[in-house]
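Novice: structure for the following, please:
(chains A and B)
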Amino acid sequence: MQRKRSTFLFSVMCFGMAFLYIPILLLIVYSFNYSKLVPVWGGFSVRWYGVLFESEAVWAALMLSLKIAVMNATFATMFGTLAGLALVRFGRFRGRLLFSGMISAPLVMPEVITGLSLLLLFITLNQLIGWPSERGITTITIAHITFSMAYVAVIIQARLAGTDQSLEDAASDLGAKPFRVMTDITLPILAPGMVAGWLLAFTLSLDDLVIASFVSGPGANTLPMLIYSRVRLGLRPDINALATIMILTIGICVVIAGWLMLRKQRQRDQDMQLAAIETLDREF
Amino acid sequence: MSQDIKNDENLWEVPNAVPLIKVQGVTKRFGSFTAVDNVDLNIYKGELFSLLGGSGCGKTTLLRMLAGFETPTSGTITIDGVDMTDVPPYERPINMMFQSYALFPHMTVESNVAYGLKRDGVEKSEIARRVDEMLAMVELSSFMKRKPHQLSGGQRQRVALARALIKRPKVLLLDEPLGALDKRLRTQTQFELMNIQDKLGVTFVVVTHDQEEAMTLSTRIAVMDEGSFVQIGTPTEIYEFPETRYVAKFIGSANMFNGRVTQDGADHIEISVNDLDTKFYIDHGASVRLNAEIWIAVRPEKIIISKTPPEKPGPNQLKGTIHDIGYLGNMSTYRVEMSNGMIVDVTAPNQTRYRSAKHDLDWDDQVYLSWAPSSAVVLQK
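Specialist: Next up is the predicted model:
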């Protein structure tokens, strides 16, 4: 009985995994296809990787996407951290519930609506004060910050809720004024959360197609916009190559981050064990 | 118990002595909940003062108001003659040791201890000297470069103590100082704390829910319940002369009897106990009225238990059967059932070593209980 159920669970898991990962594997395999027609196998080759790097449009889009992602991640981390701090540390203030609702609204807001409303905002602003004079890198960055800071705020909130408030009390008790408490204690404790938030905001920005399409102007194409516009004209092998590179880059990042975290945790556990053993040694 | 007199006199008994901490009419409300209700308190220099009470009795709120983390809704707090009611924590001559120790996880032991001096802008060489001195005192000199998570619980507690003492505060607040330690370490640390307090002459204010801890540590104890003080006194006063049923039950254990005053003399009172065919005789006067219903407490260790009946019948005697025996090694607790079903607890030291497994007092034995006329206490409510 027990055995039967475990084979059933195992096959369900395999099926699920296959459903998730076979398409990605296919994409990687076909990026090494010599043939110009995507679904027809014409032998192994890396020619589409070469074609990809010769294209100036791809390079421009990649650079634009990276620029936006870095700026977005940096600003979103700053604002998101402040919002998270306000929600957890300032106790109950007037309108806290409204504020917390408004912070998390972008998480569930349909992207089409966010994109559309931001577009309307930029157009109105342009008419009223003449800024932004043209839509492009600035408008996309601003749009990305508005929704990624919500994710950062959630991460910071979780991190703060899990830390001992008496750490800040202790610093204040020992003579640190509120600003010193922030720089000496709160920010160092939040640092891992901020790094995680930065990475998440970076990825969110790199991924976004819908919002960027709405608020972008002529001549500003992010990488996802470029891929989408090319694929609309039919499947192309060089896009497969581009996608493969993106998957591998992100995959390597995730593995490194995970490994770093695991190593730190192991080190910590080991230290704690050592401390416990030392105490026992001394006492007996 | 440590009410041994450190100076020649106890300051709280000296008329016109100036208290170090003066709490006057302090109330703290959180919304509609009153955590601390109009309390007055004087704590004198060199005291080891305990705030004792169950959870939610307001002891921690009072401590946080002394530290400056909470502002009283009304009332004033004066420390060493200066009104501190609205002074922020970073400007008070007070330091605190937190229940969780609150060691900064990203700093070494050395930086944790040095933090307070650094914020005060003390010179580097001076900081190093005082950190060395302080760590030597708590015997952690070889652990300077460690991070808090590389220390055991007892070591962390000592780092927290060193960090709180390095600024030489006038008052040290301790929130459940022994709460996170295991039993064996507690006793040891308890005496260490008392030695350090004695050496540095700092006034300690301790918050605890553990009556044993309060009894051993303190010069005086304030028992709190529902935001107010129920009784303030030395450990002996609190234990031997509890004023209310709450205090008698909270500190140690006590057998309570409900009765009516039948004689009220200047030097004695006699009480007839409800439901029990006996009279209690107390050899000291108390402010009771004749025929008033009152409560009396008798501590289990004050009662003598015996299988032989007393020579002549008289007051302060009870008869019953042993309902249960708790063997604790050094002593035993006997739960004796009275004729009306009431249970009276009696503890007796096990002075002889029993050769056989059979003790001389056994289940269902008929026993006689008696106590001295000075042993019972009249409770106010």
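Novice: close to chain B, is the helix-or-strand element of chain A with minimal mean pLDDT?
Specialist: Within chain A, no helix or strand scores below helix A:237-283, which has a mean of 79 by mean pLDDT, DSSP states H and E. Yes - against chain B, helix A:237-283 shows contacts by Cβ under 8 Å from any Cβ of the partner chain at A:Arg268, A:Asp271, A:Met272, A:Leu274, A:Ala275, A:Ala276, A:Glu278, A:Thr279. C-beta here means a position set from N, CA and C on the backbone, and glycine is covered the same way.
Novice: same check on stretch A:164-184?
Specialist: Yes - between stretch A:164-184 and chain B, judged by Cβ under 8 Å from any Cβ, the touching residues are A:164, A:166-167, A:169-177, A:180, A:184.
Novice: separate out the buried members of the residues you listed.
Specialist: The neighbour count (16 or more other Cβ atoms under 10 Å in any protein chain shown) marks A:164, A:166-167, A:169-176, A:180, A:184 as buried among those.
Novice: pretty sure B:Arg168 belongs to a helix, no?
Specialist: No - assessed with DSSP: H, G, I helix; E, B strand; the rest coil, B:Arg168 is coil; it does not lie in a helix.
Novice: ok, back up a step: from the residues of stretch A:164-184 next to chain B, which two are the most distant?
Specialist: Using Cβ to Cβ, the pair of the residues of stretch A:164-184 next to chain B lying farthest apart is A:Asp164 and A:Lys177, separated by 20.3 Å.
Novice: in the chain, which residue is most central in space?
Specialist: No chain in the question, so chain A it is. In chain A, the centroid-proximal residue (Cα atoms, centre = their mean) is A:Leu200; its distance is 2.2 Å.
Novice: do I have it right that it meets A:Ser148?
Specialist: Yes - A:Leu200 is within contact range of A:Ser148, at 7.4 Å (criterion: Cβ atoms under 8 Å).
Novice: mark which of the buried ones among the residues of stretch A:164-184 next to chain B are part of helices, please.
Specialist: Using DSSP state H, A:Ser166, A:Leu167, A:Asp169, A:Ala170, A:Ala171, A:Ser172, A:Asp173, A:Arg180 are the members of those that sit in helices.
Novice: hmm, back to that, quick check: chain neighbours aside, which residue is closest to the residue nearest to the centre of chain A?
Specialist: Leaving aside its sequence neighbours, A:Leu200 sits nearest to A:Tyr151 (Cβ to Cβ, 6 or more residues apart in numbering or on different chains; 5.5 Å).
Novice: how near is the one you found to B:Phe229?
Specialist: Distance, A:Tyr151 to B:Phe229, by Cβ to Cβ, to the nearest Å: 50 Å.
Novice: sorry, back to before: which of the residues of stretch A:164-184 next to chain B sits closest to B:Lys279?
Specialist: Closest to B:Lys279 out of the residues of stretch A:164-184 next to chain B is A:Ser166 (54.6 Å), distances taken as Cβ to Cβ.
Novice: so what's that closest one up against?
Specialist: A:Ser166 makes contacts with B:Phe98, B:Gln99, B:Ser100, B:Ala102, as judged by Cβ atoms under 8 Å, 6 or more residues apart in numbering or on different chains.
Novice: show me which positions of the lowest-mean-pLDDT helix or strand in chain B end up buried.
Specialist: Ranked by mean pLDDT, DSSP H and E, the weakest helix or strand in chain B is helix B:183-200, scoring a mean of 85. Of all the residues in helix B:183-200, those buried under the rule 16+ other Cβ under 10 Å are B:Leu185, B:Arg186, B:Thr189, B:Gln190, B:Glu192, B:Leu193, B:Met194, B:Ile196, B:Gln197.
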